[in-house]
Structures are given as structure tokens and as C-alpha cells.
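Trainee: Turn this into a structure:
(2 chains)
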Amino acid sequence: MKLELRGITKRFGALTANDHIDLVVEPGEIHALLGENGAGKSTLMNVLYGLYQPDEGEILIDGQPMTFAGPGDAMAAGIGMVHQHFMLIPVFTVAENIELGHERTGGPLGLLGFLDRRRARREVRDISQRYGLDVPADALVQDLPVGVQQRVEILKALVRDAKVLILDEPTAVLTPQETDDLMEIMTSLKQSGTAIVFITHKLREVRAVADKITVIRRGKVVGTASPDSTPAELASLMVGRPVKLNIDKRPATPGDDVVEVDGVRILDEAGAVTVDGVSFSVRGGEIYALAGVQGNGQTELTEALVGLERADAGRIRIAGADVTRMSTDDILGLGVGYVPEDRMHDGLVSSFSVAENMVLDLYDQQPYSGRLNLDLGHIRRHAEQKVEEFDVRTSSIGHAASTLSGGNQQKVVLAREMSRPLKLLIVAQPTRGLDVGSMEFVHQRIVAERDNGAAVILISSELDEVLGLADRIGVMYRGKIIGEVAGGTDPALAEEIGMLMAGQTGETPTGATR
Amino acid sequence: MSTTETAPAPAPTPATPTKRRSSARDTALVTALSFLTALVISAILIAIADPQTRGSFKYFFHYPGDTFRFAWSAIWHTYQALFYGAIFNPHTAANGTMSGYLGPISETLTNATPLIAGGLAVGLAFRAGLFNIGGQGQIILGAIFAGFVGFHWHLPVVLHLIVAVVAGIVGGALWGGIAGFLKARTGAHEVITTIMLNYVALNLLGYLLSVKGFQAPPYGQAISNPVDHNATLPLLLGGSLRVHLGLLLSLAAAGFVWWLLTYSRLGFRLRAVGANPFAARTAGMHVENSYVVVMLLSGALCGLAGVSQVLGTNPQLTGDIDAGIGFDAITVALLGRANPVGTIFAGLLFGGLRAGAPLMQQYTPIELVQVIQSLIVLFIAAPAVIRAIFRLKTSGSSVGAELAKGWNG
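Mentor: Numbering: from 1, shown residues only, chains lettered A, B, ... in the order given. Here you go, the predicted model:
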């Protein structure tokens, strides 16, 4: 099946999200759609999947023009989509999830409305075997690792006879190993004739797996590239200017211990151990990375550092003060900056203006307020200055934070946290969802803060980011730091950390496999 | 080099700086259209409720003119009565006295007084992310405190009034504060606790009205001793008009709430907690403490509504001292979009509807007056309906969407 998009245009008010986009996807081809956040990739795919109607242009399948009134039509035409956020019901089994939406009755009591579970299970087994997906049909989705859940999503599309599979940022949630597995699956699908549209902004993956690359910038196709282009070429095509991919930093000059974490244990509400006796220390002027796949206790540990979570055992000292039982307000007052991992949830009040968000944790201090009143003039001037300094793209500091793009929202949080002298900066997933251009900027600011003498704790599940920024790396797995290594950009180190992130501490000689 | 550069990227379109203002105008427009739509639909109901119109249905196909004439007459008289009762009545004005001219306006303002205070209370709590439906209980407690000080103590002029007003505000604040404290300490949902506290307050009042020293002699009726004249709120327009100083207190309260939300440190924190408690906590704000504070303030405003009732409109405690204000206040806050200025207008509108209701009853069942009120709110809570009827363009996620979704802290 050959899929063709011709002159697709989609406007939202004054904004043109897609501007006459042409795209041809041949059967058995992995076609990467590369672009920054907000470039219009997802809009285009939502048009293709029938979620949006294009204002202009047409969709052709094997030369026949099609109109998709909704995802149902798109599915019937052989288009399947795996969303970035999974559309699975956690308490259902894999087979049940796959049946969802086109449940069939059958068996001896089929006429009474009984579901044909046996057939569903068989289907899951058959298809997962054919493509090497390896999915347990009877397991509850909530018990499966993220990588397997994603395979369930893929399976869902395949069961419905998808000939073109759209994968929207599929690797954002995966470990390096799971990413490799996914790429293998993509290759095997391709060999069986399925076309794949692979949406991403990660250059390495594109180069590894894509047959064709189409780059989109600000709603337009700005070029096509072959997979043997260098990352720098792809990045500059994507951003529209030359981009430095490596992070410039001088060797660290560590000072005294700023953070001492000693045997910290944290329990969740249900009493399960999320952080299990973790100890580490970070010195001023160094970047310490807590690497690990999401959900291995990094979030809880970070929250304990800033008083949002209480340690059940152990002690935390920051800048000489015991903060184990201190309030968040007091901890921040010690000179701690905190960039939470989920900026929309914890970092910003999205209905507040940019100016208000810039003082969210400073509003009650001089000079932003007096005894009772806010000093709105000062708050405004502060915001204007920070918007300038951090290059936040907004037409007014009075606009709600929700109107900003992800990168600019992150800059607002960073600007706020860096607008006072810091002894410790904690940044969690600082570049999640950011494009290459913003990423570069955020990394520079983090390194600048380190060079000013602050201790920096970086929590990241991006291997490249950890390797590029960190002076020391602790890898967390199931609530423990299972290994601590010195930073660097050696590929062998990446291998080692990748293994540690997957929980493998086996003493394989590093570098031997490559 | 295997990449090819094609079209240069266009500059991004700047967002319009007038966005905020136009969204405020949009809100006002949708509110006005909701009101209009409610009046039109109510007109149909009034026509159907009119026995003469219904009677004419039988021979509609022989003589449809009757139906339209009767219907029009019922609708016209009902809305005219609303106007006469709430704004200006030419018949009473004909006798040339001030009360004749200003009577209806005075009634509207008198009815609006506690509604504004109560609406501010609900609106303020909402801005901090809490749904205070305990207005009834807080008003009753405010009225009990103010009324008790008013009739039991005997203090000099001015002082007595001040003490009684303060007592009422404190009473309401305490009752609201209980719900805030329970939420902060135990996480108990304020909707449940405030409803339960309404029952407690209602029955406490019922009990007190049967206790000697509280109940007025000769102890036959559930009514308290009358409040000392020293402790009553002075009338603003002379003896024959009921509008009293409570109106100015309510307006002052609106001014206070506006200052609190716009310029104060505390207001910033309350708004942040209301809009995103997680981000507020992460920024080091004390979320639980904010819940207590805002419920104290919200209760205090309800207390003020109780004060206007017991020291102004009806200077004697009765079992019905709340007069449904606690619940209408929710509607007023909704209509006023939890904004102090909007709440004043919404309070006046509902005050007018209450003032007009007695005269309207001559032409239509009293229930319909409440139906009109409910329809207005219904349309405001479902702005999409109004937009569809009048073919308005949506401007982002704005109006009433958050209100329609629910006020769940």
C-alpha cells in the first residue's frame, strides 16, 4: 500500500500548523519525520489518522483519494497509530486491550453476548509470533514494562491489518535497550511489507533505522535527507541554523560537599519501598547525574531533597543544614533551585502569566512584595529582564504560561530557579520534550551554574544528556544506586550505563562488545 | 552532503496582545446571551403555564390569534411585573413619595446585599480551588453570633453595632474554618464537610430558637428576641425603605476581595494553590495552610451575609434566616465568574429577580421565577450551547469551561 499526502494544509486560527506538506510513504519503508517540537509533525499525523480535517490538500492510498472523518476510517484504510501516550486500559489483559473497540462474540454462548476470548488470545499469539513481538496474551497491562506495553500498542494496530504504522515519538519512554528492541521490531515489520512513519527528534535513532528522512520546520517540509547524513547536518536542517551537538564544558573544579545523602529510604503511600538506602554526596562545582529509567526512585529521591517527600529513614544535609524534616520553603531559602521533571504539573501554574510564574517561589520576598502587597512593578521588570536574558519567546509577559511552547515554558522555570544565588541546583529531565535548539541553551545554563560554583544534581533518563553533562554519574535501579561512574563521552561508558540502567551489574568488561 | 534545503521558514505569527481583553468581552457577551436565552425560554414556559393560553389551545386551528394574544399578555405582564418589582413601578411612583419612586430599587438592593457577600465567599474559595457549599451553615452561624450579641448584650450606640457585626463575621469564619481545618489535616473533602456542617448549623439554630433567653417570649414561636436598635444596621434611605448599611459592607467586602486577589501576597498564594496546588507546593507554598485561611475568609464573608440578614433586613432570628442565600450564592459566584466585580452585578441581578418575584406571582407560578434563575446558570455552565445558538466563534478554552467541568478542589 502506497500512502501519499499532497499539499496538506491545516490552520488553527492565525497559525498554520501544516503548510502544503507533501509526503510519500512506500510499502516496506521506514520514513522518519524529523522536526522540532511544534514543527507540525503531530498535526500532520493527526490529519492522516482522521483526528483533524485538512483545510487543503488530499490523502491518497494507492492513488485513490480518501477522506477520513475519524480514526475509524483511517484504521479501515489500513493506517494504524501508536500514540506517545499509550491508550491502554491498565487493569485489562493484553488480549482484552487488543479486542477493545471491536469485541467479537463467539463460542457456545456467543449469541448471548459472551466474548470470544479464546480467539482473541489466539490472535495475539499468532501475530506476536509472526513479527517477533513476544507479548504475553494473558498478562495485565499494568504489570508489563513500558517497552512491552508499547508492543501491545503496535500489536493493536497490526491486528486491525495496518499497512502503514505511525509511531509518534516512540522512544521517549524507553530505556536504551528497549529502544534497540523496538528498532529490531521496526525492521522486521518493514521486511514483511509494513510501512512505518517514525516521528522523532532524536537524530541517532533516525540515522540507525530510517530509509528516508523528511524534515519539517514551522509547518513546512524544509528538506529531505538520507540516513547517512551526519547528525550535524540533520540538526541544522531541523533547527534552521548550525547547532552544536556536543556540550562545551571545562573540567569540573569541585569544591566542598554541598549535598550529603546518607542511607535515605522512602516509602510510598502503600508502604512499598521506592528509595532503598541511598547514599551519595555532591560537591560544589560539579554535576552529579542520577541516571536511570523512569520509576526507579529518582523522582522520590529528588522530592525528598526539596522536602516534598519525607524520608522514612536516613538523613539529608544541604549546605551544612539538616533538611531531612525541613519544609520546602525553608530548603529553597538555603539557596536551592529546583526544576521539577513535570513542568506543567509541578513547575508552572499554567493559567498564571509568565510574569507571575517567574516569581512563583519568590513572590513573598523583597523586592517582589512588601508586608502585604505585591510589588507588581518589580515583578514586571523582573520578568521583562529574565525573558530577555533567557530568550523566552512570548509576545507579552502578561500571557498565560499555557500559551508558550514546551521549550519556552522550561526556560521560564529555569529563569526563575536561576534568578537568585544558588548553592544547589536540582534539574529533573531538563530537556524532556525540548527541541535541539532549546536543549543547547538549557545545557549551557546548567553548565554555567556549575561553573559559578553551585552543586548540580541532574536527573535524566536521556543517556546522551547524562553523558554530555555529568561529571559523576550514579545509576538508579529499583530504588538503589547500583553503580557510580565518572562522567565522559566514551562509547564504552554509554554501554556500561545502559547496562546498569537495565539493572545488570554483571562485571562484563566494558567496551568489549563494540 | 546529502541534505537539501528548500523553502526558508516564515517568521512565527505573534499572538495578539489584545487577547486578554477580548476574552473578557467574550465572557460578558456569553453571559448576557445566556441571560437573554433564559428569558426567551422562560417566556415559552410562562405562556404554557398560563391557563388562558392553555385553554385557547383547544381551538388553536380555528382561531390561532387567541393563543398568541393570551400568551403575549401573560409574558408581557410577567416581565412587566418583574420590572415593576425590581426597578421602577409607575403605579407606586404616582403618589410622589420617595418610597414610591425608590421602593423597587431599594428591594433589589436589600435582596442583593447578602447575595453579594455570599457570592464573594463562594467565589473566593473557588479561586483557591475549594468548593464552599457551606454558605447556608456559615450564614446561619454568622446570624446566630451577630443576633445573640445584638439582643443579649446592651452596649452604647455605634459600639454595639460594631461588636455585633464583628461577632457575626467571626461566627461565619469559625464555621468555614472547621471545614478548612478538616481538609488541611485529614484531607476530608470540603464539599462533604460543608454540607454536613449545614445540617449541624440548621439544627443548632432550631434548637436555640427553643431555648429560653434566646427565644422571644411568649415562647410560642420559633423566633428569637429582637435585636437591640443600637445593633441594627442603619437604613440608608430613611425609614420607609429597607436598604441598609449592609449594602455598603458588602461592596466594601467586594473591594477587599478584589485587592486580595489582585495585589496581595496572600491572594497570590491562594490563587496559585487554587490553579495548581502541585506547582504551589513545589514552589514552597503551604498548601494546607492556604486551605484553612481561605475557608476562614470565605466563612467570614458568609458571616457578613448573615449579619445583613439579622441586623438589617430582618432583625430577629428565625429558622429561615438563611432564606436560601447560601445556595443562591453559589449561583451568583458562578454567574460572576468568581470575580468580585462580576459578583456584584450577579448579586444585583439575583437581588432583582428576588425583588420582582412577589409581583410576578400574580401572573405566573412562583416556581417559574426559580426556573428562570436556573436556566441562566444552566446556559452559563454550558457555554458551548450559547455559542452554537448564536454561532459565536470559540476563543480558546475560556468561558465557564472550568466552571462547567466542576469545582473539585
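
Trainee: quick one, strands of the stretch 151-300 of chain B?
Mentor: B:223-226 (DSSP state E, counting those that start in this stretch).

Trainee: what do you get for the stretch 1-150 of chain A?
Mentor: Secondary structure of the stretch 1-150 of chain A (DSSP E, counting those that start in this stretch): strands located at A:3-12, A:15-25, A:30-35, A:56-61, A:64-66, A:79-82.

Trainee: With distance to chain B, mean pLDDT and mean neighbour count as added columns, please give these in JSON lines.
Mentor: (C-beta placed from N, C-alpha, C; glycine too.) Output for these, formatted as JSON lines (distance: least, Cβ to the nearest Cβ, whole Å; pLDDT from 0 to 100; neighbours: other Cβ atoms under 10 Å in any protein chain shown):
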{"stretch": "strand A:3-12", "distance to chain B": "11", "mean pLDDT": "89", "mean neighbour count": "18"}
{"stretch": "strand A:15-25", "distance to chain B": "6", "mean pLDDT": "88", "mean neighbour count": "19"}
{"stretch": "strand A:30-35", "distance to chain B": "11", "mean pLDDT": "90", "mean neighbour count": "26"}
{"stretch": "strand A:56-61", "distance to chain B": "16", "mean pLDDT": "91", "mean neighbour count": "16"}
{"stretch": "strand A:64-66", "distance to chain B": "25", "mean pLDDT": "89", "mean neighbour count": "12"}
{"stretch": "strand A:79-82", "distance to chain B": "25", "mean pLDDT": "90", "mean neighbour count": "25"}
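
Trainee: Among these, which comes closest to B:Gln373?
Mentor: strand A:3-12 (37.3 Å; Cβ to Cβ).

Trainee: Name the nearest residue to A:Glu484, sequence neighbours excluded.
Mentor: A:Gly474 (4.7 Å; Cβ to Cβ, 6 or more residues apart in numbering or on different chains).

Trainee: Indicate each strand paired with the strand or helix carrying the one you found and its parallel or antiparallel sense.
Mentor: Assigned by DSSP states H and E, A:Gly474 belongs to strand A:472-477. In the sheet, strand A:472-477 lines up against strand A:287-291 (parallel), strand A:480-486 (antiparallel) (DSSP bridges).

Trainee: okay, those strands, which one's buried deepest?
Mentor: Highest mean neighbour count of the strands paired with strand A:472-477: strand A:287-291, a mean of 26 (counted as mean count of other Cβ atoms under 10 Å in any protein chain shown).

Trainee: That one: what's the following helix or strand?
Mentor: Taking DSSP H and E, what comes next after strand A:287-291 is helix A:298-305.

Trainee: Quick one: residues in contact with that next one.
Mentor: A:259, A:261, A:264, A:266, A:268, A:274-275, A:278, A:290, A:292, A:309-311, A:316, A:318, A:323, A:331, A:336, A:338, A:340-341, A:426, A:428, A:457, A:459, A:476 (Cβ atoms under 8 Å, 6 or more residues apart in numbering or on different chains).

Trainee: Which of those residues fall in helices?
Mentor: A:Ile331 (DSSP state H).

Trainee: So A:Asp138 versus chain B, what's the distance?
Mentor: 36 Å (Cβ to the nearest Cβ, to the nearest Å).

Trainee: Backbone dihedrals for that residue, both of them.
Mentor: phi -100, psi 0 (degrees, to the nearest 10).

Trainee: What is the burial count for it?
Mentor: A:Asp138 is flanked by 11 other residues according to other Cβ atoms under 10 Å in any protein chain shown.

Trainee: same check, this time on B:Ile389
Mentor: 14.

Trainee: Can you give me the pLDDT of it?
Mentor: Among the per-residue scores, B:Ile389 shows a pLDDT of 82.

Trainee: Next one: stretch A:364-378, is it in contact with chain B?
Mentor: Yes. Using Cβ under 8 Å from any Cβ of the partner chain, we find that stretch A:364-378 touches chain B at A:364, A:369, A:372-374, A:376.

Trainee: Make a ChimeraX selection of the buried ones in those.
Mentor: Command for ChimeraX that selects the buried part of those, burial taken from 16 or more other Cβ atoms under 10 Å in any protein chain shown:
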select /A:364,369,374
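
Trainee: okay, the residues of stretch A:364-378 next to chain B in TSV with pLDDT and secondary structure next?
Mentor: As requested, those are arranged in TSV below (pLDDT from 0 to 100; DSSP: H, G, I helix; E, B strand; the rest coil):
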residue	pLDDT	secondary structure
A:Asp364	88	coil
A:Ser369	89	strand
A:Leu372	89	coil
A:Asn373	91	strand
A:Leu374	92	strand
A:Leu376	92	helix
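
Trainee: returning to what we had before: to B:Ile133, which of the strands of the stretch 1-150 of chain A lies closest?
Mentor: Nearest of the strands of the stretch 1-150 of chain A to B:Ile133, taken as Cβ to Cβ: strand A:3-12 at 37.9 Å.

Trainee: Ok, which of the strands paired with strand A:472-477 comes nearest B:Thr67?
Mentor: strand A:287-291 (78.0 Å).

Trainee: how distant is the closest one from the center of its chain?
Mentor: Offset of strand A:287-291 from its chain centre (Cα atoms, centre = their mean, to the nearest Å): 17 Å.

Trainee: Show residues contacting it.
Mentor: A:252, A:259, A:280, A:282, A:298, A:301-302, A:446-447, A:450, A:455-461, A:463, A:466, A:469-476, A:481, A:487, A:497, A:500-501.

Trainee: I'd like to know which of the strands paired with strand A:472-477 is closest to B:Ala275.
Mentor: strand A:287-291 (29.9 Å).

Trainee: CA atoms of stretch A:239-256 as PDB?
Mentor: C-alpha atoms of stretch A:239-256 as PDB (Å, rounded to 0.1, in the frame of the first residue of the first chain):
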ATOM      1  CA  VAL A 239      16.600  24.000  13.600                       C
ATOM      2  CA  GLY A 240      17.400  26.200  10.600                       C
ATOM      3  CA  ARG A 241      20.800  27.200  11.800                       C
ATOM      4  CA  PRO A 242      24.100  25.500  12.700                       C
ATOM      5  CA  VAL A 243      23.800  23.700  16.100                       C
ATOM      6  CA  LYS A 244      26.400  22.500  18.400                       C
ATOM      7  CA  LEU A 245      25.600  18.900  19.500                       C
ATOM      8  CA  ASN A 246      28.300  18.400  21.900                       C
ATOM      9  CA  ILE A 247      28.100  20.200  25.200                       C
ATOM     10  CA  ASP A 248      31.000  22.600  25.700                       C
ATOM     11  CA  LYS A 249      32.300  22.300  29.200                       C
ATOM     12  CA  ARG A 250      35.600  22.700  31.000                       C
ATOM     13  CA  PRO A 251      36.700  20.100  33.500                       C
ATOM     14  CA  ALA A 252      35.000  20.400  36.800                       C
ATOM     15  CA  THR A 253      36.700  22.100  39.800                       C
ATOM     16  CA  PRO A 254      34.800  20.600  42.700                       C
ATOM     17  CA  GLY A 255      34.800  22.400  46.000                       C
ATOM     18  CA  ASP A 256      33.300  21.300  49.300                       C
END
